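# model this:
(chains A and B)
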Amino acid sequence: MIEVKNISKAFEGNTVLHDVTTTFERGKTNLIIGQSGSGKTVLMKCCIGLFDVNEGEIDFDGRRFSNISDKKKKLIRQEMGVLFQGGALFDSFTVEENVMFPLNMFTNMTTEEKKERVNFVLENVNLLGTNNKFPAELSGGMVKRVAIARAISLMPKYLFADEPNSGLDPKTAERIDELLSALTNKFNMTTVINTHDMNSVLQIGEKISFIHEGKLWWEGTNKEILKTENQELNEFVFATALTRLIKH
Amino acid sequence: MEVLYQIGEYIILIFQAFRKPDKGHVFRRQLFLDFKRLGTDSIGIVAIISLFIGGIIAIQMAYNIDSPFIPKSTIGFSTRQMLVLEISPTIISLILAGKVGSRIASEIGTMRITEQIDALRVMGINPANYLILPKITAAVIYFPVLIIFSMFLGIFGGWIAGTFTGLVPSSDYIIGVREWFEPFTLTYAMIKTVVFAFIITSVSAYKGYTVKGGSVEVGQASTEAVVASSILIIFFDLILTQMLLV
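Here you go, the predicted structure:
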């Protein structure tokens, strides 16, 4: 479980996160939702240690992660997999080399063991056989799936995904959501997904945190979100013609 | 103020880069890749430029020496001296600043804007160490080899141009190349080359590493890397010449 306790973050005097407190539970897909500019990406970047928080604490299963040295963060980071919005695959590496990269850096596995692990995770994201392709040869959905494979190659306890289905067609986006949800259950990970896609919210939102103007505005599940009375959340949820249709 | 901030940021980045690599075999792999990318891939341009510059120097020397009291061997001697002291270490380094510097800045800059550097950080890897240290090491080791290669080709180019145009007899040119050779001039050239190799790789890596924005900013960083490296090369050329030769 990841506990976020009263965190605040400001950039050059401009406060982006105000006193946010929430928990991300193990074995569940935890979603952070909100409009663009609401502070959800900053919250995620604080959780993965790319930003230091100004106030508050972040604990990973009781272990302090915020405002500690990079050396101490390193131990927890090795239990963390992160899927970036654009995939962030290394262009000069093949799919196999990308997925193998964390194994090369942090394990003493033999080449055979590493190849076995690479094939295992690629099989889990339905990409077995693409080992020798370069990122430039892959479609957007495939890039995301390779990035997921790399993120889970060390069998992390915590998986973070920043807008995993942005820029994808609805069918591929749904597949990525299903994949993240299935992997969370299969490997019992604490998964945190940053999104503003309502399909994802309704499909896999086991726990949803709605961030509005840098504050935690609402928490609940995908079953509760359509019935909420919260005005700001309703404006977000029913912003599209499709969701308004569902409402009526 | 901005310049001071950038100098401070550059020094911090270099300190981060000069840490012990996480995995020796990963560092060695990157190092050999950078030997190829920064060194071997530059052999062609170094060869062409050195050969032609050597030829041009020899012809210009012959053109300027019109007194019968000055022996023809002076053409070979002057060509060698100019190539060893200045043309090969400095001018070829300026060429490499353009070729290698822009490559490093755009490669690291693109990695920055596509979150590849963030991906390294969240994996618990020191990106400065992983990306920059192999490049600096590769350049510091490989550039002296390129510069010695450039000196040989430049002298050879001078011989071709001088003898084939009939401006200097082959034997006179060879005598000139061999006479009054001071081994320290080679040491001086190698010291300059190592300093310039460090400047080119570290400054370009810094410019790429600190990019903010998109493709336009990566292009801008690439240009700034070449300009800053070139200015620093000329500046340190003056300082090192004053320190080592005077």
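# so which bits of chain B are right by chain A?
By the rule Cβ under 8 Å from any Cβ of the partner chain, the part of chain B lying against chain A is B:22-23, B:25-26, B:110-111, B:114-116, B:118-119, B:121-126. Placement of C-beta: from N, CA and C, glycine included.
# among those residues, which are located in helices?
Using DSSP state H, the members of the residues of chain B next to chain A that fall within helices are B:25, B:26, B:110, B:111, B:116, B:118, B:119, B:121, B:122.
# highest neighbour count among those residues?
residue B:119 (26 neighbours; other Cβ atoms under 10 Å in any protein chain shown).
# where does the residue lying closest to that one once chain neighbours are set aside land in three-state SS?
Nearest residue to residue B:119, sequence neighbours excluded (Cβ to Cβ, 6 or more residues apart in numbering or on different chains): residue A:88, at 4.1 Å. Here residue A:88 is recorded as coil under DSSP: H, G, I helix; E, B strand; the rest coil.
# with only the CA atoms kept, save stretch B:74-86 in CSV.
Output of stretch B:74-86 as CSV, limited to C-alpha atoms (Å, rounded to 0.1, in the frame of the first residue of the first chain):
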residue,chain,number,x,y,z
THR,B,74,61.1,24.7,-45.1
ILE,B,75,57.8,23.8,-46.8
GLY,B,76,57.8,20.3,-45.2
PHE,B,77,59.0,21.7,-41.9
SER,B,78,56.3,24.4,-41.8
THR,B,79,53.5,22.1,-42.8
ARG,B,80,54.5,19.6,-40.1
GLN,B,81,54.8,22.3,-37.4
MET,B,82,51.4,23.9,-38.3
LEU,B,83,49.7,20.6,-38.4
VAL,B,84,51.1,19.3,-35.1
LEU,B,85,50.9,22.5,-33.2
GLU,B,86,47.5,23.9,-34.3
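# roughly how far is the helix or strand that contains residue B:147 from the heart of the chain?
Using DSSP states H and E, residue B:147 sits in helix B:127-164. Mean C-alpha position of helix B:127-164 versus that of the full chain (Cα atoms, centre = their mean, to the nearest Å) differs by 7 Å.
# could you do stretch A:194-214 as well?
Using Cα atoms, centre = their mean, the offset of stretch A:194-214 from its chain centre is 11 Å.
# is stretch A:92-102 anywhere near chain B?
Yes - with Cβ under 8 Å from any Cβ as the criterion, chain B is reached by stretch A:92-102 at A:101, A:102.
# not counting that stretch itself, show me its contacts.
A:89-90, A:114-115, A:117-118, A:121-122, A:127, A:130-135, A:138, A:146, A:149-150, A:153-154, B:123 (Cβ atoms under 8 Å, 6 or more residues apart in numbering or on different chains).
# so which of the residues you listed belong to helices?
For these, secondary structure assignment (DSSP H) places A:114, A:115, A:117, A:118, A:121, A:122, A:146, A:149, A:150 in helices.
# per-domain residue ranges of chain A.
A:1-79+A:157-175+A:186-248, A:88-155 (automatic domain parsing).
# by mean pLDDT, show me the worst of these.
The stretch with the lowest average pLDDT out of the domains of chain A is domain A:1-79+A:157-175+A:186-248, scoring a mean of 86.
# touching chain B at all, it?
Yes - judged by Cβ under 8 Å from any Cβ, domain A:1-79+A:157-175+A:186-248 comes into contact with chain B at A:48, A:49, A:50, A:70, A:73, A:74, A:75, A:77, A:78.
# residue B:160 and residue B:75, how far apart?
13 Å (Cβ to Cβ, to the nearest Å).
# looking at those two, which has the bigger crowd around it?
residue B:75 (30 against 14).
# what is the helix or strand encompassing that one packed up against?
Here residue B:75, judged by DSSP H and E, is contained in helix B:73-82. Where contact means 3 or more Cβ pairs under 8 Å, 6 or more residues apart in numbering or on different chains; DSSP states H and E, helix B:73-82 is packed against helix B:43-64, helix B:127-164, helix B:170-178.
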